[in-house]
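**Student:** missing the sequence, but the structure's below:
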């Protein structure tokens, strides 16, 4: 990887920093709305990529984009029928920003440069994040130093790192991208040389001590184990795979319980001792209110970012992206949103073109895993969620182009 980093261009470096800082919630400028500095930087990166890549890029995913356009339309209609049109219009600006700046920016790079180089960047991001997390733990736990540009929390004497994210659960959610990506590469693609990046991703997620993170790791473990069992046809081999999975699970829980007992008791076992609702920070207790907002305006919702207005407290936010979509955008926006991911899944795993794709499948899997993890949190317009959508679009376009070019080359040789 070091040699590939040495050969990196300024365009690769821009992509590295764009991914690394896509979750910088605390580095922002408040001008009536919260503008993250990275969003301003994305405009500049987009302009650079326009001049560099547009002349050589063809839009090969147009048929995947109509759910995205439907989502934009649903945002406009939600604003039109919102209980607070000004509040909703402010949020609508970010949807337009996402579709016109963020998605094209990431798409341009990957569709031209390719998925192999993107994987090198993802590796570098994982290592960098892990280093920052270790530095923050050393500063906080040993040196007792708090830096204003790095965020952390404390719970009963336990340090909960967040680096430049709003809170630890946000960092855990972001790490789901890398845990999902490298878990697929290691266990489904059998790329065992990448296991170190999976380990660093999992350790980084665990360092947040977020219950969301622990549940995400457990869910992914079960998902991968089931995939492995289904991939084996012989009953005896299925039992062996299940046995290995069970042993690994027991060993993992035992090692964590012995080495990180305090964290294990307070952030894992509390799911069983206090119940999942309390363990979630009372996020689940508000689900009823969010559903009531949906029932009050089921077609187009109460308006973008208007759940708090509906509740009489503008600081309130929904705590589950599906309920947030239903409450703010109604059934129309909910369907449009999930159609985006359904189209991605169908294209790489089920369509007649599925043989074109390799790393596109990994990116789409990682994106879908992120969507699942976001069910325990809010904000369906998170930058890194739409970054993953754009990277998936770009990977699909790149691998489709490569497949067609190789096929034409073979046919030409014959």
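**Tutor:** All right, it came through fine. Note that the structure is predicted; figures quoted are calculated from it, not measured. Residues are numbered from 1 along each chain as shown.
**Student:** and residue 359, what is it in contact with?
**Tutor:** 115, 116, 118, 119, 395, 399 (CB atoms under 8 Å, 6 or more residues apart in numbering). Glycine gets a C-beta too; all of them are placed from N, C-alpha and C.
**Student:** rerun that using 10 Å as the cut-off
**Tutor:** 110, 114-116, 118-119, 181, 184-185, 189, 348, 391-392, 395-396, 398-399 (CB atoms under 10 Å, 6 or more residues apart in numbering).
**Student:** separation between it and residue 126?
**Tutor:** To residue 126, residue 359 is 16 Å away according to CB to CB, to the nearest Å.
**Student:** again with residue 94
**Tutor:** Distance of residue 94 to residue 126, given as CB to CB: 27 Å.
**Student:** more crowded one of those two?
**Tutor:** Between residue 94 and residue 126, counted using other CB atoms under 10 Å, the more crowded position is residue 126 (24 against 20).
**Student:** for that one, give me its contacts.
**Tutor:** 20, 175, 177-179, 181-182, 196-201, 204.
**Student:** hmm, try it at 8 Å
**Tutor:** Going by CB under 8 Å, 6+ apart, the list of residues near residue 126 reads 178, 182, 197, 200, 201, 204.
**Student:** which SSE is the last one in?
**Tutor:** Mapping residue 204 onto the secondary structure by DSSP states H and E places it in helix 195-207.
**Student:** what is the three-state secondary structure of residue 162?
**Tutor:** Classification of residue 162 by DSSP: H, G, I helix; E, B strand; the rest coil places it in strand.
**Student:** how about it: what's its closest non-neighbour residue?
**Tutor:** Excluding the flanking residues, the one nearest residue 162 by CB to CB, 6 or more residues apart in numbering is residue 151, at 4.2 Å.
**Student:** repeat for residue 22
**Tutor:** Nearest non-adjacent residue to residue 22, counting by CB to CB, 6+ apart: residue 384, 4.2 Å away.
**Student:** so who does the nearest residue to residue 315 once chain neighbours are set aside touch?
**Tutor:** Excluding its sequence neighbours, the residue lying closest to residue 315 (CB to CB, 6+ apart) is residue 308, at 5.9 Å. Neighbour list for residue 308: 314, 315, 316, 317 [criterion: CB under 8 Å, 6+ apart].
**Student:** ok, now residue 87?
**Tutor:** Residues in contact with residue 87 (CB under 8 Å, 6+ apart) are 303, 304, 305, 306, 309, 314.
**Student:** wasn't it part of a helix?
**Tutor:** Yes - under three-state DSSP, residue 87 sits within a helix.
**Student:** and it, how far from residue 348?
**Tutor:** From residue 87 to residue 348 the distance is 37 Å (CB to CB).
**Student:** can you check residue 190 too?
**Tutor:** Residue 190 is 18 Å from residue 348, by CB to CB.
**Student:** who are the neighbours in contact with residue 347?
**Tutor:** Applying CB under 8 Å, 6+ apart, we find residue 347 in contact with 64, 353, 354, 357, 364, 396.
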